[in-house]
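Trainee: What follows is a predicted protein model with its sequence.
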Amino acid sequence: MARFSSRALGATLTYAFVLLVGVMTSSVWIAVSAEKIVWTPAGCGLAVAHGLSVATMCMLLYAGLARGPVAIVAPIVAAHPAFVLVVNVAMGLRPTTYQWAAMGVVIVGGILIARSAEAHPQFAATDGKELRKTVLIALGACLAYVALVTTGQASAQMIGGLQTLWLGRLSGFLLVGVILALQCRSIAIPRAWLPFVGAQGLLETIGYVAFLAGSTTASPHITMVVASTFSVVTVVLAKFVLKEPVSHQQWLAVAMIAAGTAVLSGSG
């Protein structure tokens, strides 16, 4: 969905509307459920940081998917659990041998995906600049994903998933609004696209509700890794719906990333 809407409307405008749907949905949810708002500096600060990270990641992801190929962008972004483990190591975690090995497999899978792009028909006639730009966008989205996972899980455990979602959607919407204002862009969306982008916003909001709910359980690391398997579904859709060519090397890389993240979750 993000590929089609971003190509038609632009990544920033598309995500602004997606966030608006998220703000409205989470606000109504809080009002109806009579959720108690917890105003703690640390929890709310992390929720805001989470929202800014989500907005940054999604704008980069949308831009990457719009550029394509989807079968290259999605697996690179989905390699983020390996980098989350690096963050955990910096915070004092001591990974097991299996975790180190799994992290290596994920990183090698990401390298294979990047290298396979050189032979992709979309880049075959270019000098490499477009390929490097696409890979850099995907890597930027991957690193932003690391930030949103670490801040979102920490915030959800302090102030709850729903409040984290609400503050995150709101702060992200403000950030994207500032970007649109600086770009002096029209914020009008054609009526024909409203149902499509509205459904996209609702689905994304539901996804983050599930992610933040899982973050308050005893095994938040499993939520992170299960969420990262979206790349496998995305590549399959790219192959059979968008008719993108997917090489054997790309399938191997997707399998390596999926297997590595599964080991990271199982050994967490």
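Mentor: Yes, it's here.
Trainee: Point out where this protein drops to low pLDDT.
Mentor: Counting by pLDDT under 70, the chain contains low-confidence ranges at 93, 95, 113-128, 215-232, 242, 264-268.
Trainee: All the helices of it, residue numbers only.
Mentor: Here the chain has its helices, by DSSP state H, at 2-9, 11-33, 41-67, 70-77, 80-90, 97-116, 129-159, 161-183, 194-215, 220-228, 230-240, 248-266.
Trainee: most packed of those?
Mentor: Most buried of the helices of the chain, by mean neighbour count (mean count of other C-beta atoms under 10 Å): helix 70-77, with a mean of 27. C-beta: built from backbone N, CA, C; applies to glycine.
Trainee: That one vs helix 2-9, what angle?
Mentor: For helix 70-77 against helix 2-9, the angle between stretch directions is 110 degrees (axes from the mean of the first three to the mean of the last three C-alpha atoms, to 10 degrees).
Trainee: tell me the angle helix 70-77 makes with helix 129-159.
Mentor: 40 degrees.
Trainee: tell me which strands and helices helix 70-77 is in contact with?
Mentor: If contacts are counted by 3 or more C-beta pairs under 8 Å, 6 or more residues apart in numbering; DSSP states H and E, helix 70-77 sits against helix 41-67, helix 97-116, helix 129-159, helix 230-240, helix 248-266.
Trainee: and the angle from that helix to helix 230-240?
Mentor: For helix 70-77 against helix 230-240, the angle by the same axes, to 10 degrees is 170 degrees.
Trainee: just to revisit the earlier point, dump the helices and strands packed on helix 70-77 into JSON lines; add distance to Ala78 as well.
Mentor: As requested, the helices and strands packed on helix 70-77 are exported to JSON lines (distance: least, C-beta to C-beta, whole Å):
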{"stretch": "helix 41-67", "distance to Ala78": "10"}
{"stretch": "helix 97-116", "distance to Ala78": "9"}
{"stretch": "helix 129-159", "distance to Ala78": "8"}
{"stretch": "helix 230-240", "distance to Ala78": "3"}
{"stretch": "helix 248-266", "distance to Ala78": "6"}
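Trainee: Let me know which of those helices is the nearest to Asn88.
Mentor: helix 129-159 (8.5 Å; C-beta to C-beta).
Trainee: Quick one: list the elements packing against that closest one.
Mentor: If you count contacts as 3+ C-beta pairs under 8 Å, 6+ apart, helix 129-159 packs onto helix 41-67, helix 70-77, helix 80-90, helix 161-183, helix 194-215, helix 220-228.
Trainee: Point out the other elements, helices or strands, that the fourth one touches.
Mentor: Secondary structure elements in contact with helix 161-183, counted by 3+ C-beta pairs under 8 Å, 6+ apart, are helix 11-33, helix 41-67, helix 129-159, helix 194-215.
Trainee: Quick one: closest of the helices and strands packed on helix 129-159 to Val23.
Mentor: The nearest among the helices and strands packed on helix 129-159, by C-beta to C-beta, is helix 161-183 at 4.7 Å.
Trainee: what sits up against that closest one?
Mentor: By C-beta atoms under 8 Å, 6 or more residues apart in numbering, the residues outside helix 161-183 that reach it are 12-13, 15-16, 19-20, 22-23, 26-27, 29-30, 33, 35, 37-38, 43-44, 46-48, 50-52, 54-56, 59, 152, 155-156, 187, 205, 208-209, 212-213, 215-216.
Trainee: hmm, try it at 6 Å
Mentor: Here helix 161-183 makes contact (C-beta atoms under 6 Å, 6 or more residues apart in numbering) with 12, 15-16, 19, 22-23, 26, 30, 35, 47-48, 50-52, 54-55, 155-156, 208, 212-213, 216.
Trainee: so what's the backbone phi/psi at Thr40?
Mentor: phi -110, psi 130 (degrees, to the nearest 10).
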